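Chemist: coords please:
(chains A and B)
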Amino acid sequence: MSVFLRGEMIVMALLVMLIIVRSVNKKRLRLQYSFFWLLIVLGLLVVAFFPGVVIWLCGLMQIQTPSNMIYLFGILALLLISFYQTTLLSKQADRITRLTQLISIEKYLTEKKEGEDREKERH
Amino acid sequence: MTRVLLILPAYNEEENILRTVEHIKEARFSQGLQVDYVVINDGSRDRTEALCRERGVPCITLVQNLGIGGAVQTGYLYALMGPQAYDIAVQFDGDGQHDIGSLENLIKPIREGQCDFTVGSRFIGGASGFRSTALRRAGISYLSFLIRLVTGQRIRDVTSGYRAASRGAIEYLSREYPVDYPEPESLVCLCRQGFRIEEVPVNMFEREGGPPSGLFALCTI
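Modeler: Take a look at the predicted model:
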């Protein structure tokens, strides 16, 4: 693996880490969701500092070049994240539905009660 | 006294909703039956809500559009946690397709404790004048076949939106109600939970006014 690629990876990893830490501090990202991204940073750093690991894995998995392998894992990690996000999205959609239903019912009951109270006052 | 709540989901039904409600008001039921109704207005953009307000029709307006599944479930929730506890909840389309005259037939098996959920069917008993187009009937029998494969139970009018639920089924459906194709899917869910389902012949009409919305077109196949 070229020194240049390794350098690139280290810079990228540090940049991503900076963004994640800042986002968590500024409450833009929940801590619980930051771990997965930090894991990716960690992966990048491991590969950059110990390229031997990747080369060994390449041989094991019959992949031609280490960079291909990094792309492969990158894509897999992103797919995993988007799948996880879709499950989160579904969960939140369910919660929003429930909130909408409860708010709508409460609103109806409140308005009905107000209407009845007004009727009573008139009589 | 059996308390029954009619749930009328409505999405842009200004042309039909009042007529549907009138039919319900005019209907006379046998003794020991209290029938209330509530319109669930699924964020209509037309005058559905205004009309209901003017005429004093009980109408829960969803603060956001939820689609037919979410709207019907709101009705089940209301039957459960509203000011009055209901023994039976009935889904009844706001577009005038369903005949209120079939209501007592529909809820009879539940009142008698024979089953927990009934599906009003156009295809059995020869009671219904309207039986949908050939293409839709083909779609329905395919769905019916799938449901028979999955649950082993034969239900013919699986997309019927004229259905009644017992207290137990209300509790379950208010917790979990499928969103995308709610009618057939909820039958599978109910079956899996061990609820007893029965199909009852009912009468249905063709839609009276206005184009069927995309939402209802799908669900009334």
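
Chemist: contacts and neighbour counts: CA atoms only from here.
Modeler: Will do.

Chemist: determine the longest helix present in the chain.
Modeler: The chain I'm using is chain A. helix A:66-122 (DSSP state H).

Chemist: that's the wrong chain, I meant chain B
Modeler: Longest helix in chain B, counting by DSSP H: helix B:134-151.

Chemist: show me what the mean pLDDT comes to for it.
Modeler: The average pLDDT within helix B:134-151 is 89.

Chemist: what do you get for stretch A:58-75?
Modeler: Rounded mean pLDDT across stretch A:58-75 is 87.

Chemist: between the two ends of it, how far is it?
Modeler: Length of stretch A:58-75, first residue to last, Cα to Cα, to the nearest Å: 16 Å.

Chemist: how far does that stretch sit from the chain's center?
Modeler: The chain centre lies 24 Å from the centre of stretch A:58-75; the measure is Cα atoms, centre = their mean, to the nearest Å.

Chemist: where in chain A is pLDDT low?
Modeler: A:1 (pLDDT under 70).

Chemist: enumerate the residues of it near chain B.
Modeler: A:Thr97, A:Thr100, A:Gln101, A:Leu102, A:Ile103, A:Ser104, A:Ile105, A:Tyr108 (Cα under 8 Å from any Cα of the partner chain).

Chemist: what's the average pLDDT for stretch B:179-199?
Modeler: 91.

Chemist: what residues sit buried inside that stretch?
Modeler: B:179, B:182-191, B:195, B:197-199 (16 or more other Cα atoms under 10 Å in any protein chain shown).

Chemist: quick one: which of the residues you listed is nearest chain A?
Modeler: B:Val179 (9.5 Å; Cα to the nearest Cα).

Chemist: how about low-confidence regions in chain B?
Modeler: Ranges of chain B meeting pLDDT under 70: B:126-129, B:131, B:207-221.

Chemist: follow-up on the earlier one: list the helices and strands the longest helix of chain A packs on?
Modeler: Counting contacts by 3 or more Cα pairs under 8 Å, 6 or more residues apart in numbering or on different chains; DSSP states H and E, helix A:66-122 is packed against helix A:51-61, strand B:59-61, helix B:67-81.

Chemist: now the longest one against helix A:66-122, angle please.
Modeler: Note on geometry: by axes from the mean of the first three to the mean of the last three Cα atoms, to 10 degrees, helix B:67-81 and helix A:66-122 are set 50 degrees apart in direction.

Chemist: after helix B:67-81, heading C-terminal, what element do we hit next?
Modeler: Going down the chain from helix B:67-81, the next helix or strand is strand B:88-91, by DSSP states H and E.

Chemist: if B:Cys59 is in a bridge, with which residues?
Modeler: Residues in a beta bridge with B:Cys59, per DSSP bridges, are B:Val39.

Chemist: and it, what does it touch?
Modeler: A:Tyr108, B:Val38, B:Val39, B:Ile40, B:Asn41, B:Glu49, B:Cys52, B:Arg53 (Cα atoms under 8 Å, 6 or more residues apart in numbering or on different chains).

Chemist: burial of A:Leu39, as a residue count?
Modeler: Neighbour count for A:Leu39, taken as other Cα atoms under 10 Å in any protein chain shown: 13.

Chemist: my read is it is in a helix, agree?
Modeler: Yes - checked against DSSP: H, G, I helix; E, B strand; the rest coil, A:Leu39 lies within a helix.

Chemist: can I get stretch B:66-86 in PDB, CA atoms only?
Modeler: Taking C-alpha atoms only, stretch B:66-86 is exported to PDB below (Å, rounded to 0.1, in the frame of the first residue of the first chain):
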ATOM      1  CA  LEU B  66     -51.600   9.500   8.400                       C
ATOM      2  CA  GLY B  67     -53.200   7.400   5.600                       C
ATOM      3  CA  ILE B  68     -56.100   5.000   6.000                       C
ATOM      4  CA  GLY B  69     -54.300   2.600   8.400                       C
ATOM      5  CA  GLY B  70     -53.400   5.400  10.900                       C
ATOM      6  CA  ALA B  71     -56.800   6.900  10.600                       C
ATOM      7  CA  VAL B  72     -58.700   3.700  11.400                       C
ATOM      8  CA  GLN B  73     -56.300   3.000  14.200                       C
ATOM      9  CA  THR B  74     -57.200   6.400  15.700                       C
ATOM     10  CA  GLY B  75     -60.800   5.200  15.800                       C
ATOM     11  CA  TYR B  76     -59.800   2.000  17.600                       C
ATOM     12  CA  LEU B  77     -57.800   4.100  20.100                       C
ATOM     13  CA  TYR B  78     -60.700   6.400  20.600                       C
ATOM     14  CA  ALA B  79     -63.000   3.400  21.300                       C
ATOM     15  CA  LEU B  80     -60.600   2.300  23.900                       C
ATOM     16  CA  MET B  81     -59.600   5.500  25.700                       C
ATOM     17  CA  GLY B  82     -62.400   7.900  24.800                       C
ATOM     18  CA  PRO B  83     -65.000   9.100  27.400                       C
ATOM     19  CA  GLN B  84     -67.000   5.900  26.800                       C
ATOM     20  CA  ALA B  85     -65.900   2.300  26.600                       C
ATOM     21  CA  TYR B  86     -67.200   0.500  23.600                       C
END
